[in-house]
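Enquirer: Prediction below, plus the sequence it came from.
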Number of protein chains: 2
Amino acid sequence: MDQTGEMVNKKRISESTIHRLSLYFRALSQLERENNETVSSKELAKREKLTPAQVRKDLSFFGSFGTRGLGYPVVELKNKIAAILGIDRSWKVALVGVGNIGSALVGYKEFTKQGFQIVKLFDNDQRKIGSNHKGIEVSDIDNIKEELTESDIELVILAVPAAVAQFVIDDVVRAGVKAILNFAPINLKVPDDIYLRNENMSMELEYLSFAMVNNHTPRKVR
Amino acid sequence: MDQTGEMVNKKRISESTIHRLSLYFRALSQLERENNETVSSKELAKREKLTPAQVRKDLSFFGSFGTRGLGYPVVELKNKIAAILGIDRSWKVALVGVGNIGSALVGYKEFTKQGFQIVKLFDNDQRKIGSNHKGIEVSDIDNIKEELTESDIELVILAVPAAVAQFVIDDVVRAGVKAILNFAPINLKVPDDIYLRNENMSMELEYLSFAMVNNHTPRKVR
DNA sequence: ATAATTTTGTGAAGCATTTCACATATTTGG
DNA sequence: CCAAATATGTGAAATGCTTCACAAAATTAT
């Protein structure tokens, strides 16, 4: 921020940096459980298979959080990163598609831990509608636009078959939701102001397959 | 290859390129279903939100598959990419941890479609051991080293709690498995010759959260 | 048959990201 | 209190990745 309070010179933060913040957050949570007061960029890097320079550079985009000669204060840095990532609050999430993948995600503890609370479920299967998953009743997907519009849900996870994903996402967008995580293996079209991310679980398996078949040397983990 | 028959000058193919090959494969499968004989880099790019130059450059690392003025032959290119990715064959996969995420993965059709066949399940829960999931009996995780060693399984998916993931992966590595896909949110230590990839589903949610809180402009999907 | 059009394949240029290296600040040890 | 050690923060260099731009090749239209 400059004197006017405006965020000036907001350097374009790379996607990789953001993903690494998630890793730092995870490592810091562990360091906190181990009762460490401080941590050096060296140790933090080691815990996530990165380089110390990378850690320092990443953090430097957001401020200077460390003390020379000492390192970073674990809890404080963890909280700072949480604030940067926006996980210092809770997010209400709707999950669409209570099938194979969907039902797994309803009970996925990591989401809850990071503040993502699944509070609404949708499906189109009459046998599922009205049923209860982990304490949440499944709503009819036909009402999704209305129900999402009326709710304070800001984030939607899509776990429906690829064949219907575009129709569903259109409704979700019409309901005013701005952030969507898609598990269907298809490239969905959304307006420019929607944040859409894809989770493609086969991709990493394919990477492993490629690596094995080609004796691919760089094995840096993601 | 040079005169000695050694693969020389094997350009380091980037991780991003490999991931995009997965996207091309997906798009080409769709184009095949739509009965397209050929496809241009422009169209292929459009279908996966990339640039035509990117598509051509990626493919050029592996050969020249197209015809100037015409484009790429859909089926042929699809097969070539499958061969590059090593998914022109089937892979026998073991899944460890038949819990929340694990059970979802057993029935995940995308894996099967790409040739990844889950043929063995392991868990440490007595109630699960011996039970049947999608036609596969759950084995006792205590025997994992022996059972994997005796099998022809080359790929393991880890879907166990973070707290035990390191112990389990140690056994998997001792059994001679060289490629592992880990779903536990923890950085696992493995020898240098093991291919380990991590699937961290919270990461993309955190990216969405970051984007929303910071009005992050670049919304290129992954 | 020829011209106009399309589209690939690829060096080179342009950008972006990572790593280096070091001045600076702080702590620790004697 | 001073010297040695530690560790950050950051420009600059190095590396890596993407886009540009165009010659070459093939197709399509006339």
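Expert: That came in fine, so what should we check first?

Enquirer: okay, and for chain A, where does confidence drop off?
Expert: Within chain A, the stretches with pLDDT under 70 are A:1-11, A:217-222.

Enquirer: can you give me the strands for chain A?
Expert: Remark: strands assigned in chain A by DSSP state E are A:38-39, A:72-73, A:91-96, A:116-123, A:132-133, A:136-140, A:155-158, A:179-182, A:195-198.

Enquirer: Just send those back as JSON lines, with mean neighbour count too.
Expert: Every residue, glycine included, has its C-beta placed from N, CA and C. Below are those laid out as JSON lines (neighbours: other C-beta atoms under 10 Å in any protein chain shown):
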{"stretch": "strand A:38-39", "mean neighbour count": "20"}
{"stretch": "strand A:72-73", "mean neighbour count": "22"}
{"stretch": "strand A:91-96", "mean neighbour count": "23"}
{"stretch": "strand A:116-123", "mean neighbour count": "21"}
{"stretch": "strand A:132-133", "mean neighbour count": "13"}
{"stretch": "strand A:136-140", "mean neighbour count": "17"}
{"stretch": "strand A:155-158", "mean neighbour count": "25"}
{"stretch": "strand A:179-182", "mean neighbour count": "24"}
{"stretch": "strand A:195-198", "mean neighbour count": "21"}
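
Enquirer: Save these as TSV, and put in distance to chain B too.
Expert: Written out in TSV, the entries for the strands of chain A read as follows (distance: least, C-beta to the nearest C-beta, whole Å):
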stretch	distance to chain B
strand A:38-39	14
strand A:72-73	18
strand A:91-96	6
strand A:116-123	5
strand A:132-133	12
strand A:136-140	15
strand A:155-158	6
strand A:179-182	4
strand A:195-198	5
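
Enquirer: For DNA strand C, which of the ones you listed is the nearest?
Expert: Ranking those by proximity to DNA strand C (C-beta to the nearest atom of the strand) places strand A:38-39 first, at 8.5 Å.

Enquirer: And the contacts of the closest one?
Expert: When contacts are taken as C-beta atoms under 8 Å, 6 or more residues apart in numbering or on different chains, the neighbours of strand A:38-39 outside the stretch itself are A:Leu28, A:Leu31, A:Thr67, A:Leu70, A:Gly71, A:Tyr72, A:Pro73, A:Val74, A:Leu77.

Enquirer: hang on, the earlier thing: quick one, which of the strands of chain A is nearest to B:Met201?
Expert: Counting by C-beta to C-beta, B:Met201 lies closest to strand A:179-182 out of these; the figure is 8.6 Å.

Enquirer: Need the contact partners of that closest one.
Expert: Strand A:179-182 has contacts (C-beta under 8 Å, 6+ apart) with A:154-158, A:165, A:169, A:172-173, A:188, A:190, A:194-199, B:204-205, B:208-209, B:211-212.

Enquirer: mind listing what the nearest residue to A:Gly99 once chain neighbours are set aside touches?
Expert: The spatially closest residue to A:Gly99, leaving aside those adjacent along the chain, is A:Ala159, at 6.6 Å (C-beta to C-beta, 6 or more residues apart in numbering or on different chains). If you count contacts by C-beta under 8 Å, 6+ apart, A:Ala159 has them with A:Leu95, A:Val96, A:Gly97, A:Val98, A:Gly99, A:Ile101, A:Gly102, A:Leu105, A:Phe183, A:Ala184.
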